[in-house]
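> 3D, please:
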Amino acid sequence: MTSQSLLSSALCHRARAGMAGAAAAVVALTVTACGGSVTGNNGADSGGRTTIVVWAGSTGATEPLKRQLIDAFNSSQDQYTIELEVQPASADAHARLINAIKNKQGPNLVLDDGQPQSLGQVIAMGSVVPLDEYLGAADSTLKKSDFTKGMLDTGTFNGKVYSLPTQGGDYALIYNKAMFKAAGIEKPPATWAELQADAAKLTIGTKQYGMYLPIGTGETAPFYWQSMLWSAGGEFMNADNTKVKFNSPAGVKALTAWTDMVKNGTAYPTSLKTPSDNGNTVAMTSKKAAMAINGAYNLGVLDQALGKENIGVAPLPPLDKPAMNLGSNNSYILQGTSAQQDGAWAFLQYWLTPEVQAKWDIANGFLPTNSKTASDPSWQKHLAENPRIKVFADQLSYANSRPSIEAYAGISAALSAEFEKALLQKVSPAEALKNAEAGATTALK
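Sure thing, here's the model as predicted:
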C-alpha cells in the first residue's frame, strides 16, 4: 500500500523441520529465536510500568499525530508505556527485523507493516504471537467478526491470525478534470473499453498520454493487475493456494488490456518509478498523463500540485465485472514476556478503536479496517464531506485480498519481472504469463 513497511513470523517446529525457498534462508538466521523473547527490552521503566517497544515507519506530516495518540494511550492507564522507534522505509525491512530478532533486539509490536503478504517468509521463525486467543477472549474489545473475511485474510497464515489490518486501502482511477474538459470528455470512464477510448482522446503526441500504467518491478503491478484478472473472470490461485492459475485466457486478456495501450501510444511508454513513488503520482503531477491508478493516500499530493478542483476519482473501470484488491498495513506482536505481549495487545486494541482509527485514517487518507470504525459517526461524516474518499470506501464491498502464503513474495516477483517485459513490448502477454507461471511454481516449491 504505502512505503511504510516492517515485518512478521510463526511456528518453530516448521523452522526446525526445514523450509523451502526464501523461508529456508531464514532458518539458518533465526532458529535461535524460536521459543522465547526476541526483544532487547527489559520490560520495565522506573515507574513500574511495562515498556512496550513499537516499530513503525514514518508518516511524514502526520507523525506528530501518531505521537499524540501514543501519548494519549500512555496517559490513559498506568500499566504500560509505549516507546515508539521510527524505522526507515526500505525494501529490506523484513530482513532487518529478522536480524533484530536473531540478536534478540526486536520490538514488542510492529505497527502498520506495509508488506503483510510477505510475512510468510518470516513466519517460520516462531517469533510472532498468534492472535486467535486474544481475539476470542471475553474481555477483548476486538473480535474476528469485526473484520470482513478479506481484511482478516490479510493476516491469516495456515488458518491462524498472526497480524491485524490497522490501515486499510485500495485504489481507484484518478483523472485530471482539466485535461478531460479540454478533450471534450464529460465524465470518467465506467468500463475499461471506455477508458481506452478516452485515453486516445487525451493523448497529445508524446507530450501528454491518456494513461499511466505501472511499468517497473515491484509489487505495484501485480497488486493492481489482480483486479484486472478477477474482473476478466480469472483466478489468481487455486482454493488451497498450492497452484497459480493466472496463466489463463482471462489472464492474457487482463494483461493485454495494459500492453495494448502502451503499444498504441495512449499509455506512457516507460517507468516513472522513484524510491518514494510508484510513478503513478508523478505521472500526473508532471502532467505527463491524464489518468492513473492510485490510492486515496496520494490525493493530498495531487491536490497540491494540480488543484483539488482538477482531481477526480472514479471506481476502477472493469474489463467485465467490478473487482478490487485490498491493500492493508498490518500490525503484529512479537514474543516477549506475558506482560509485554498483553501490553502490546492492549495498545493494538486501542489503536483500532473507532475514535483513534477514524482520526488516523482521516488524517492520512486510509480506509477503516473494521466495521466499528466504518460505522463511526466521525468517519461517516468524513465520507459525506469527501465524496472522492467514498469512491475508495465503496469498492471495499467487493474487494478480495492477495494470498497470505510464504511463497507470495516469490510469485509477485516472478509476475512483476514479466509484466515489465510485456509492457516494454519485449514479450507477448501470453509469453509473460507462461514465464511468470514457471517462476511462481518454483517459488511455491
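> and the nearest residue to G439 once chain neighbours are set aside, what does it touch?
Setting aside the residues directly before and after it, G439 is nearest to A414 in space (CB to CB, 6 or more residues apart in numbering), at 2.9 Å. (Glycine included, C-beta is placed from N, CA and C.) Residues touching A414, when contacts are defined by CB atoms under 8 Å, 6 or more residues apart in numbering, comprise N435, A436, A438, G439, A440, T442, A443.
> Could you do G47 as well?
G47 makes contacts with T81, as judged by CB under 8 Å, 6+ apart.
> Confirm it sits in a strand?
No. The assignment for G47 (DSSP: H, G, I helix; E, B strand; the rest coil) gives coil, which keeps it out of a strand.
> follow-up on the earlier one: among the contacts of A414, which one lies nearest to W225?
Checking the contacts of A414 against W225 with CB to CB, the nearest one is A436 at 10.5 Å.
> can you tell me the helix or strand for K421?
Following DSSP states H and E, the helix or strand that holds K421 is helix 408-423.
> Which strands and helices lie in contact with the following helix or strand past that helix?
On the C-terminal side of helix 408-423, the nearest following helix or strand under DSSP H and E is helix 429-444. Contact analysis of helix 429-444 by 3 or more CB pairs under 8 Å, 6 or more residues apart in numbering; DSSP states H and E lists helix 21-30, helix 249-263, helix 408-423 as its packing neighbours.
> In helix 429-444, which of the residues would be classed as buried?
Of the residues in helix 429-444, P429, A432, L433, N435, A436, E437, G439, A440, T441, A443, L444 count as buried by neighbour count, 16 or more other CB atoms under 10 Å.
> which parts of the helix holding K421 are buried?
By neighbour count, with 16+ other CB under 10 Å as the criterion, the buried positions of helix 408-423 are 408-420, 422-423.
> so where is the stretch 51-200 of the chain shaky, pLDDT-wise?
Filtered on pLDDT under 70, the stretch 51-200 of the chain yields the residue ranges 90-91, 121.
> picking that back up, Q208: which of the contacts of A414 is nearest?
Using CB to CB, the shortest approach to Q208 within these belongs to A436, at 31.5 Å.
> Who's the closest spatial neighbour of the closest one, skipping the chain neighbours?
Closest to A436 by CB to CB, 6+ apart is E418, at 4.2 Å.
> and what of G210?
Among residues not flanking G210 along the chain, A199 sits closest, at 2.7 Å (CB to CB, 6+ apart).
> What is the burial count for the one you found?
Residues within reach of A199, counting by other CB atoms under 10 Å, total 22.
> helix/strand/coil for it?
helix.
> thinking again about what came up before, contacting residues around the residue nearest to A436?
Taking CB under 8 Å, 6+ apart as the contact definition, E418 lies against V427, A432, L433, N435, A436, G439.
> how about a cut-off of 10 Å?
Neighbouring residues of E418 by CB atoms under 10 Å, 6 or more residues apart in numbering: 217, 221-222, 255, 426-427, 429, 431-440.
> do the same with L131
Applying CB under 10 Å, 6+ apart, one finds that L131 lies in contact with 140, 142, 144, 155-156, 160-164, 331-333, 345, 348.
> Look up how far D112 lies from it.
L131 sits 16 Å away from D112 when distances are taken as CB to CB, to the nearest Å.
> same thing with N41?
Taking CB to CB as the measure, N41 and D112 are separated by 19 Å.
> For these two, indicate the residue with more neighbours.
Regarding N41 and D112, a neighbour count based on other CB under 10 Å identifies D112 as having more, with 27 against 20.
> Assign the more buried one to helix, strand or coil.
Counting by three-state DSSP, the backbone at D112 sits in strand.
> number of nearby residues for the residue nearest to it when sequence neighbours are not counted?
Spatially, and ignoring its direct neighbours in sequence, D112 is nearest to N329 (4.0 Å; CB to CB, 6+ apart). The local packing of N329 (other CB under 10 Å) involves 27 other residues.
> Checking my notes, N329 in a strand, right?
Yes. With the criterion set as three-state DSSP, the secondary structure at N329 is a strand.
> Run a quick check on it versus D113, I expect a contact.
Yes. Checked against CB atoms under 10 Å, the pair N329 and D113 is within contact range at 6.0 Å.
> Pick the one among the contacts of A414 closest to T62.
For the contacts of A414, the residue nearest T62 by CB to CB is A443; the value is 35.6 Å.
> thinking again about what came up before, tell me the bridge partners for the residue nearest to D112.
Applying DSSP bridges to N329 gives these bridge partners: Q167.
> For T242, see how far away it is.
Separation of N329 from T242 (CB to CB): 27 Å.
> A296 too?
Counting by CB to CB - A296 and T242 are separated by 34 Å.
> These two: which is more packed in?
Here A296 and T242 are set side by side on neighbour count (other CB under 10 Å), and the busier one is A296, at 25 against 10.
> my guess is that one contacts I311, does it?
No. With contact defined as CB under 10 Å, A296 and I311 do not form a contacting pair (11.1 Å).
> what residues are up against the closest residue to A417 other than its chain neighbours?
Excluding its sequence neighbours, the residue lying closest to A417 (CB to CB, 6+ apart) is T217, at 5.9 Å. With contact set as CB under 10 Å, 6+ apart, T217 has these partners: S271, K273, S412, A413, L415, S416, A417, E418, F419, E420.
> quick one: T217 and Y408, what's the gap?
Per CB to CB, T217 is found 15 Å from Y408.
> And E431, by the same measure?
23 Å.
> Could you do P189 as well?
Noted for P189: a distance of 31 Å to Y408, by CB to CB.
> can you check D277 too?
When distance is defined by CB to CB, D277 is 23 Å away from Y408.
> for V110, same thing?
Distance from V110 to Y408, by CB to CB: 18 Å.
> Just the buried residues of the contacts of L131.
Buried positions within the contacts of L131, assessed by neighbour count (16+ other CB under 10 Å), are L142, G155, T156, V161, Y162, S163, L164, S331, Y332, I333, W345, L348.
> Sweet, I'm off.
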